[in-house]
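Undergrad: Give me coordinates for this.
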Amino acid sequence: MTQKNIVEIENLSFGYGNRMLHKGINMVFPRGKVTAIMGGSGCGKTTILRLIGGQIKPKVGQVSVDGKIVHKQNRHGIYELRRKMGMLFQHGALFTDLSVFDNVAFPIREHTKLPESMIRDLVLMKLNAVGLRGAHKLMSTELSGGMARRVALARAIALDPDIIMYDEPFAGLDPISMAVICDLIRTLNDALGATSIIVTHDVEEAFSFADYIYFVADGVVAAEGTPKELSKSKLPFVHQFVHGEKDGPVPFHYNAPNYKKDIYEQV
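TA: Prediction:
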């Protein structure tokens, strides 16, 4: 029987040294849905993606992917789980010495033994899906920011993954490129029958196409719900974040001792 949730995070706590980023987080990511993880900078959104991918292990709790606990897998098991995942990194992370074609072909060549003729067809199909089939001979250094992000997206879906993870997919994009990426995320998710997990702090974009949203603050899930539910939320944190207010529960300054004491303290 296929599980309803392809990714489940249970009572997860993680931190570096004595600094805890997450304190008992619970999240579920249903198959076929687009789920966004939102919150202020430094709240550990990207770290959640790293925990799902098995790059790091939780201190407490667990992350399950397709029914398997990630941190309990051996090297082979981790690679098998990652075979189900596609990742769009924050700045694309294209290989600068490879062409657009070879960037998209890279995961196919690494994980399959398909003949080059079939790889060519698959790569051109993925590039066509993001509108860049005509750019397959270009080098990554010849691409604009928006084009590079779309090539990275084509690479992320090269193996038809069950899970596609996006780390700040809208960062640094102009309004047109942003609209294109938003549309591609939703369209590709539905066409592939995939599950999309998006880390972002872009409220308008995420609210326009996500099925469900988690807000993370102070190491916990501060709020969750559909975009419609959260847009009406009276919770101070959610209201401040959604409306971009400078005054509220989210402080501008990182926790620090008294300013005067720092200035006049003798070294």
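Undergrad: who's in contact with the helix or strand where G146 lies?
TA: Element membership for G146 (DSSP states H and E) is helix 145-156. With C-beta atoms under 8 Å, 6 or more residues apart in numbering as the test, helix 145-156 has contacts from 86-89, 92-94, 100, 103-104, 106-107, 123, 126-127, 129-132, 135, 140, 143, 164, 169, 172-174, 176-177, 180-181, 184-185, 188. (C-beta placed from N, C-alpha, C; glycine too.)
Undergrad: ChimeraX command to pick out the buried ones of the residues you listed?
TA: Those of the contacts of helix 145-156 that count as buried under 16 or more other C-beta atoms under 10 Å are selected in ChimeraX with:
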select :86,87,88,89,92,94,100,103,104,106,107,123,126,127,129,130,132,135,140,143,164,169,173,177,180,181,184,185,188
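Undergrad: Extract the CA atoms of the helix holding G146 and return them as CSV.
TA: Written as CSV, here are the backbone C-alpha positions of helix 145-156 (Å, rounded to 0.1, in the frame of the first residue of the first chain):
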residue,chain,number,x,y,z
GLY,A,145,20.2,34.2,-13.9
GLY,A,146,16.6,33.2,-14.8
MET,A,147,17.9,30.9,-17.6
ALA,A,148,20.4,29.3,-15.3
ARG,A,149,17.7,28.6,-12.7
ARG,A,150,15.6,26.9,-15.4
VAL,A,151,18.5,24.8,-16.6
ALA,A,152,19.0,23.8,-12.9
LEU,A,153,15.3,22.8,-12.8
ALA,A,154,15.6,20.7,-15.9
ARG,A,155,18.6,18.9,-14.2
ALA,A,156,16.6,18.4,-11.0
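Undergrad: Show me which positions of it end up buried.
TA: In helix 145-156, counting by 16+ other C-beta under 10 Å, buried: 146-156.
Undergrad: same deal with stretch 27-42?
TA: In stretch 27-42, counting by 16+ other C-beta under 10 Å, buried: 27-31, 33-40.
Undergrad: Give the pairing partners of the helix or strand where A222 lies; include direction for each.
TA: Take DSSP H and E as the rule and A222 turns out to sit in strand 220-225. Partners of strand 220-225 in the sheet, by DSSP bridges, are strand 212-217 (antiparallel).
Undergrad: can you list the residues that contact the partner strand?
TA: Taking C-beta under 8 Å, 6+ apart as the rule, strand 212-217 contacts 22, 25, 27, 30, 33-40, 43-45, 48, 206-207, 221-227, 230, 237-238, 241, 249-250.
Undergrad: List the residues that contact the closest residue to P161 other than its chain neighbours.
TA: Among residues not flanking P161 along the chain, G86 sits closest, at 3.8 Å (C-beta to C-beta, 6 or more residues apart in numbering). Going by C-beta under 8 Å, 6+ apart, G86 touches 155-159, 161, 163-165, 194.
Undergrad: what about the strands in the stretch 151-267 of the chain?
TA: Assigned by DSSP state E, counting those that start in this stretch, the stretch 151-267 of the chain shows strands spanning 163-167, 195-199, 212-217, 220-225.
Undergrad: Adding mean pLDDT and distance to N74 as columns, could you present those strands in JSON lines?
TA: Output for the strands of the stretch 151-267 of the chain, formatted as JSON lines (pLDDT from 0 to 100; distance: least, C-beta to C-beta, whole Å):
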{"stretch": "strand 163-167", "mean pLDDT": "90", "distance to N74": "20"}
{"stretch": "strand 195-199", "mean pLDDT": "92", "distance to N74": "24"}
{"stretch": "strand 212-217", "mean pLDDT": "90", "distance to N74": "30"}
{"stretch": "strand 220-225", "mean pLDDT": "88", "distance to N74": "30"}
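Undergrad: Save those strands as a markdown table, and put in distance to Q73 too.
TA: Below are those laid out as a markdown table (distance: least, C-beta to C-beta, whole Å):
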| stretch | distance to Q73 |
| --- | --- |
| strand 163-167 | 15 |
| strand 195-199 | 19 |
| strand 212-217 | 24 |
| strand 220-225 | 25 |
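Undergrad: Please give me every residue in contact with the residue most central in space within the chain.
TA: In the chain, the C-alpha nearest the mean C-alpha coordinate belongs to Y166, at 2.8 Å (C-alpha atoms, centre = their mean). Neighbour list for Y166: 88, 185, 196-200 [criterion: C-beta under 8 Å, 6+ apart].
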